[in-house]
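In: Got a predicted model here, sequence first, then my questions.
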Amino acid sequence: MESQLRNDVSKEWWSEGVRFECQGSGQCCLSRGEYGFVFLTREDRKRMADHFQLGIREFTKTYCDKTKGYFHLKEEKGRDACVFLKGKKCGIYEARPTQCRTWPFWPEVMNSKTWNKEVKTFCPGVGKGKLHSAEEISKNLKMQKSSELALHRQRKP
Ligand code: SF4
């Protein structure tokens, strides 16, 4: 994982940038094995609570579940989809969690094997639209990594 976070990105497979533009498929908002849950830091919950003009406790009680001490968004029963997925669109796009903002530039998928075997096969946005520079990708990787560290710090068993 550390290799994706080096300051020198010139040796990474994505050093020339990667084309990605969300096609609104909603695929990344459905449960997918280990990528199933949308985990939430306290900052994520606060931003979403503000969006609904709720207190963070009320937001958490209404929209979140906890698994192994980590808060995550509830899923719609019977559909394994995020509770905020409306049709194929995010119903809280402006306030969406960090995990959704940084997709698909996550440390655990930015290796060529996972990218080609997994991400490319279910995300129709890969290879389309805007070319994201190595700097942008690196920034997203760092943001996601820092969010993951916060999640571990904030874990409440
Ligand atoms: S919060 Fe929005 S972008 Fe994130 S999984 Fe739910 S519907 Fe998708």
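Out: Great, that's in hand.

In: By mean pLDDT, which helix or strand of the chain comes out lowest?
Out: strand 75-76 (a mean of 86; mean pLDDT, DSSP states H and E).

In: does the ligand sit close to it?
Out: No: against the ligand, strand 75-76 shows no contacts by Cβ under 6 Å from any ligand atom, the least distance being 9.4 Å. Where C-beta positions appear, they are placed from N, C-alpha and C, glycine not excepted.

In: That strand: how far from the chain's middle?
Out: Chain-centre distance of strand 75-76: 16 Å, with Cα atoms, centre = their mean, to the nearest Å.

In: For it, name the packing helices and strands.
Out: Using 3 or more Cβ pairs under 8 Å, 6 or more residues apart in numbering; DSSP states H and E, the elements in contact with strand 75-76 are strand 81-82.

In: which residues sit against whatever helix or strand comes next after the strand it packs on?
Out: Using DSSP states H and E, the next helix or strand after strand 81-82 towards the C-terminus is strand 85-86. If you take Cβ atoms under 8 Å, 6 or more residues apart in numbering as the criterion, strand 85-86 is touched by 26, 29-30, 76, 91.
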